[in-house]
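Undergrad: Provided below are the primary sequence and the corresponding predicted coordinates.
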Amino acid sequence: MKTKTIITVLSVIVVLILIGWVLQNNKKENKAKTAIVAEGSSGAVAVKTETAKKAALDLDFTVNGTFKANQDLTLSAENSGRVTRITVEEGDHVGKGQVVARIDDELLAVETQTAQANYQNALRDLERYESSFKTGGVTQQQVDAQRLNVRNAEARLQTARRKSKDADIKAPIPGIINKRFIERGSYVSPGTELFEIIDLSRLKLNVTANEAQVVNLKTGDPVKISSNVFPDKTFTGKISFIAAKADNSLNFPVEIEVSNTPDNKLKAGMYGTANFDLPQQKPVITVPRTAFAGSVNSNKVYVLEANTARERQVTSGRILGERVEILNGLKEGETVIISGQVNLVDGTQVQAVK
């Protein structure tokens, strides 16, 4: 029983020793962390500073995007019929207007012949009506109705001829047959997908720019394009579209038109990098974002004057990453406090530290 008591007492002593050691260690750490504040004259607040100076802005930036085809079209059937001939395969290059397939036109030919016959009959009937009108056999209203029949018959004939001509399915754009959805003998109806045709002679690279970047862009500006797939090549592009409204992430969509190589090395879906080389900007004064008391919108900073913090109202301009352009309120050569403002009011004694 006495042994257990001794063990319990020793355990309590060990725990108390450990607690004392932890508290002492924490005290040393806190003292080290606050040493910088205690540095300097009595009552002075330790701050970090930076000398305001002008520097040329480097607004060049790069942004990644995905290449899209200039035109990506799915060719669909306009008439019903059975496919009697296919003249292209997947991967083939086609020109605009090239015949890629043919639909059985037997029924279409019959429809055209019928429409032609109806049109001729309508013309003959109109001649008889006009002749009878001269002798008083029919009324003007009957003649006008027959003239309307002629116009309707002519419209049906033109439609039939157009359908017959459409028996030859032609590529509406130049490009590459990326997919073929039909086989010879397939029966198609209006709306049936036949081919997917992609034009890769030009591509579109879709990227985004923030508000500070987009104000320096305009349509027609040249852009250098690179791709990880071809690290030794640089492609030429130009801005073809800049959105007038930001997206949900407050970035502005920008579309760049890119000229492909003669052998179409760039493919739709590849990643690309747009390198925006913007004109050189005149030197301006910038300060770190941390120099502002509260936030950039407060437009308030502290300037060091003879170991005293003086509040200064400034006019902020562009936000450039971690720095902010100062338009008014700060002169080159003045010392700006960039850290420690939470403890400051106008007139506070401060000690600048490294």
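TA: Sure thing, it's come through. Just so we're clear, the structure is a prediction, and the values are computed from it rather than from any experiment.
Undergrad: could you point out which element follows the least confident helix or strand in the chain by mean pLDDT?
TA: Here the helix or strand of the chain ranked lowest by mean pLDDT, DSSP states H and E is helix 35-38, holding a mean of 44. Going down the chain from helix 35-38, the next helix or strand is strand 45-51, by DSSP states H and E.
Undergrad: show me what that following strand is packed against.
TA: When contacts are defined as 3 or more CB pairs under 8 Å, 6 or more residues apart in numbering; DSSP states H and E, strand 45-51 sits against helix 35-38, strand 300-305, strand 335-339, strand 350-352. Using the backbone N, CA and C atoms, a C-beta is placed for each residue, glycine as well.
Undergrad: please produce CSV containing these, extended by distance to Asp72.
TA: Formatted as CSV, the helices and strands packed on strand 45-51 follow (distance: least, CB to CB, whole Å):
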stretch, distance to Asp72
helix 35-38, 61
strand 300-305, 52
strand 335-339, 52
strand 350-352, 62
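Undergrad: just give me how far stretch 49-65 sits from the chain centre.
TA: The chain centroid and the centroid of stretch 49-65 are separated by 24 Å, computed with CA atoms, centre = their mean, to the nearest Å.
Undergrad: okay, that stretch in CSV with CA atoms only?
TA: Only the C-alpha atoms of stretch 49-65 are listed here, as CSV (Å, rounded to 0.1, in the frame of the first residue of the first chain):
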residue,chain,number,x,y,z
THR,A,49,9.4,50.0,-44.4
GLU,A,50,10.1,50.4,-48.1
THR,A,51,11.3,53.4,-50.1
ALA,A,52,8.9,54.5,-52.8
LYS,A,53,10.5,54.6,-56.2
LYS,A,54,9.4,54.5,-59.8
ALA,A,55,9.9,51.4,-61.9
ALA,A,56,8.8,50.4,-65.4
LEU,A,57,5.9,47.9,-65.4
ASP,A,58,6.3,44.5,-67.0
LEU,A,59,2.7,43.7,-68.0
ASP,A,60,3.7,40.7,-70.2
PHE,A,61,1.9,37.5,-69.3
THR,A,62,1.2,34.0,-70.4
VAL,A,63,-1.9,32.0,-70.1
ASN,A,64,-2.9,28.4,-71.1
GLY,A,65,-5.9,27.3,-73.2
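Undergrad: now do the buried residues in it.
TA: Judged by neighbour count (16 or more other CB atoms under 10 Å), stretch 49-65 contains these buried residues: 49-50, 52, 57, 59, 61, 63, 65.
Undergrad: okay, now the unreliable bits of this structure?
TA: Within the chain, the segments meeting pLDDT under 70 span 1-7, 9-10, 12, 14-15, 21-23, 26-43, 105-110, 160, 163-166.
Undergrad: what about the helices in it?
TA: Assigned by DSSP state H, the chain shows helices spanning 2-33, 35-38, 106-135, 140-165, 211-214.
Undergrad: which residue, other than its chain neighbours, is closest to the residue most central in space within the chain?
TA: In the chain, the C-alpha nearest the mean C-alpha coordinate belongs to Pro253, at 3.6 Å (CA atoms, centre = their mean). Once flanking residues are discounted, Pro253 sits nearest to Ala243: 4.3 Å by CB to CB, 6 or more residues apart in numbering.
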